[in-house]
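Trainee: What follows is a predicted protein model with its sequence.
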Amino acid sequence: MKILVVEDEAMLREGLVDLLEGAGHEVISTADGLLAEQAATAEPFDLILLDLCLPGLSGIEVCRRVKKVRPAQPILMLTAKGSEDDKVSGLEAGADDYVTKPFGPRELLARIGSIYRRLEASPVSAEDLSADGCLLHLGRCEIERDGEAQALTAREVGILRWLHRHRNRAVSRAELLENVWGSRGDLQTRTVDMTIAKLRQKIERDAAKPRIVITVTGVGYAWGDC
């Protein structure tokens, strides 16, 4: 994998580079948030390992900007020990997973391997669906309604894929967190609801009366029978 390491603590950054190169990965590193954004938007990486506290631009803002340009870019956040707010903020900004400092080499490599396996299990190939007059081009991270196209984020595509794959039943928020975000299902966050609200603004005729991604009271969400 080609990995971008963004960490301002020199010893930790050098240790991460040594660890990842020793595991056979190609590694580019930087200590600055602005430089990280420039690198990540100039070329795709298989993974970005991103610290939250950075000079120039915070890790959260780097994540937001990179995901806006490259919605499918995998990002693994490095968060402070015991900081639930950092974890939630990272996920809401679009991070695919997080690892809490201090962490061991085996844990980090396991998290990277987990992200890689999820990507392998959900290849970005052409996949077109049609629902309630909306064309969903999931492979291209794009939808089309009434002749107008809009980009989808990787997270929104993941939600649509998972709901359509399990369209015969309701899916809980915890299940979406675990399988789309790759996070613990018991994490206290409204990020699933917020992401679906934004998704509905793009795909539904009337976001207040959704027909594609519907709410199942007391359970979570389901693919609509439309």
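Mentor: Nice, I can see it.

Trainee: Can you tell me the centre-most residue of the protein?
Mentor: Asp96 (3.7 Å; C-alpha atoms, centre = their mean).

Trainee: how close does it get to Ile115?
Mentor: Asp96 sits 6 Å away from Ile115, going by C-beta to C-beta, to the nearest Å. Where C-beta positions appear, they are placed from N, C-alpha and C, glycine not excepted.

Trainee: Just give the closest residue to the residue nearest to the centre of the chain, not the sequence neighbours.
Mentor: Pro74 (4.9 Å; C-beta to C-beta, 6 or more residues apart in numbering).

Trainee: about what we covered before: now do the shared contacts for Asp96 and Ile115.
Mentor: Residues touching both Asp96 and Ile115 by C-beta atoms under 8 Å, 6 or more residues apart in numbering: Pro74, Leu76, Gly182.

Trainee: related to what we said a few turns ago, and the pLDDT at the residue nearest to Asp96?
Mentor: Per-residue pLDDT puts Pro74 at 88.

Trainee: next one: the one 10 residues further on
Mentor: Predicted confidence (pLDDT) at Glu84: the value is 73.

Trainee: Over to Lys81?
Mentor: For Lys81, pLDDT reads 60.

Trainee: I'd like the next helix or strand past the longest helix seen in the chain.
Mentor: Identified as the longest helix of the chain according to DSSP state H is helix 105-121. Remark: after helix 105-121, the chain's next helix or strand is strand 128-131, criterion DSSP states H and E.

Trainee: now the helix or strand just after that next one, how far from the centre of its chain.
Mentor: Downstream of strand 128-131, the first helix or strand assigned by DSSP H and E is strand 134-137. Put simply, strand 134-137 sits 20 Å off its chain's centre (C-alpha atoms, centre = their mean, to the nearest Å).

Trainee: quick one: contacts of strand 134-137?
Mentor: 126-130, 143-145, 160, 203-205, 212.

Trainee: Mind doing that once more with 6 Å?
Mentor: Residues external to strand 134-137 that are found in contact with it (C-beta atoms under 6 Å, 6 or more residues apart in numbering): Asp128, Leu129, Ile143, Glu144, Arg145, Ile203.

Trainee: from what I can see the last one touches Ile212, true?
Mentor: Read it as Ile203. Yes. Counting by C-beta atoms under 6 Å, Ile203 does reach Ile212; the two are 5.4 Å apart.

Trainee: Any stretches of the protein with poor pLDDT?
Mentor: Within the chain, the ranges that satisfy pLDDT under 70 run 81-83, 118-126, 185, 188, 225-226.

Trainee: for it, what spans make up the strands?
Mentor: Counting by DSSP state E, the chain has strands at residues 2-6, 26-30, 47-51, 75-79, 97-100, 128-131, 134-137, 142-145, 148-151, 171-172, 213-216, 220-223.

Trainee: In TSV, list those strands along with mean neighbour count and distance to Gly59.
Mentor: Output for these, formatted as TSV (neighbours: other C-beta atoms under 10 Å; distance: least, C-beta to C-beta, whole Å):
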stretch	mean neighbour count	distance to Gly59
strand 2-6	22	7
strand 26-30	17	12
strand 47-51	25	5
strand 75-79	24	7
strand 97-100	19	10
strand 128-131	14	34
strand 134-137	18	30
strand 142-145	18	27
strand 148-151	11	23
strand 171-172	18	29
strand 213-216	16	30
strand 220-223	20	29
